[in-house]
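Peer 1: here is my input, please return the structure:
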Amino acid sequence: MVQFDEVAKVVGAIVLPQLGGWVNGYLTRQEIKGWYQNLKFPSFRPPNWVFGPVWTSLYAGMGMASYLVWRDGGGFEGVARGPLILYGTQLALNWAWTPIFFKRHELKWSFIELAALTTTVAITGISFFNVNKVAGYLFFPYFAWCSFATLLNYKIFKLNPTATNEEIKESKQK
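Peer 2: Just a heads-up that it's a prediction; the model follows:
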């Protein structure tokens, strides 16, 4: 029989990464309708509506993976300690990208930050795999998406090397 305590832990693990996504989504909504839509994009950029469902799914997967590692690795007192610290690091990097890109409009720095995130995701996924194979596998789609996002961010940076608000507005008016 499933115990309420375990269900609450699973739900908490899945909701935790979603929180940053929800907060960042709320804080950047205006930027998407303004600054972002005026950027130049590569042909392979997905439509905006794709990002919400993808990130919701990825956050759920990484949350479940963190729970499996916590459960099977003895929490912060067992072998899960290092992988969970990596998990927290990649989650902080994940949440940091949005304000760097959308609020600060730092395309170069957001690319560098995203490259660091993708590397940390790979290391976290490997460390999770060493504790729970399913948890490691749950990081595969996340790593693939971060790799794609890194390429997309790089191409946006290259297409918009001086993408301040005013310069984008001026280039659209010409």
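Peer 1: from now on I want contacts and neighbour counts done on CA atoms only, so please keep to that.
Peer 2: Fine.
Peer 1: all strands of the protein, in order?
Peer 2: For the chain, applying DSSP state E gives no strands.
Peer 1: tell me which residue lies nearest the centroid of this structure.
Peer 2: Nearest to the geometric centre of the chain sits Asn94, at 4.0 Å (C-alpha atoms, centre = their mean).
Peer 1: quick check: closest non-adjacent residue to it.
Peer 2: Nearest residue to Asn94, sequence neighbours excluded (C-alpha to C-alpha, 6 or more residues apart in numbering): Leu117, at 6.4 Å.
Peer 1: count the neighbours of that neighbour for me.
Peer 2: 25 (other C-alpha atoms under 10 Å).
Peer 1: ok, it - contacts?
Peer 2: 90, 93-94, 146 (C-alpha atoms under 8 Å, 6 or more residues apart in numbering).
Peer 1: swap in 10 Å and give it another go.
Peer 2: By C-alpha atoms under 10 Å, 6 or more residues apart in numbering, the residues touching Leu117 are 89-97, 111, 123, 143, 146-147, 150.
Peer 1: most neighbours of all the residues you listed, which one?
Peer 2: Neighbour max across the contacts of Leu117 (other C-alpha under 10 Å) = Phe111, 23 neighbours.
Peer 1: isn't that one right next to His105, touching?
Peer 2: No - look at Phe111 against His105 with C-alpha atoms under 10 Å: they stay out of range, at 11.1 Å.
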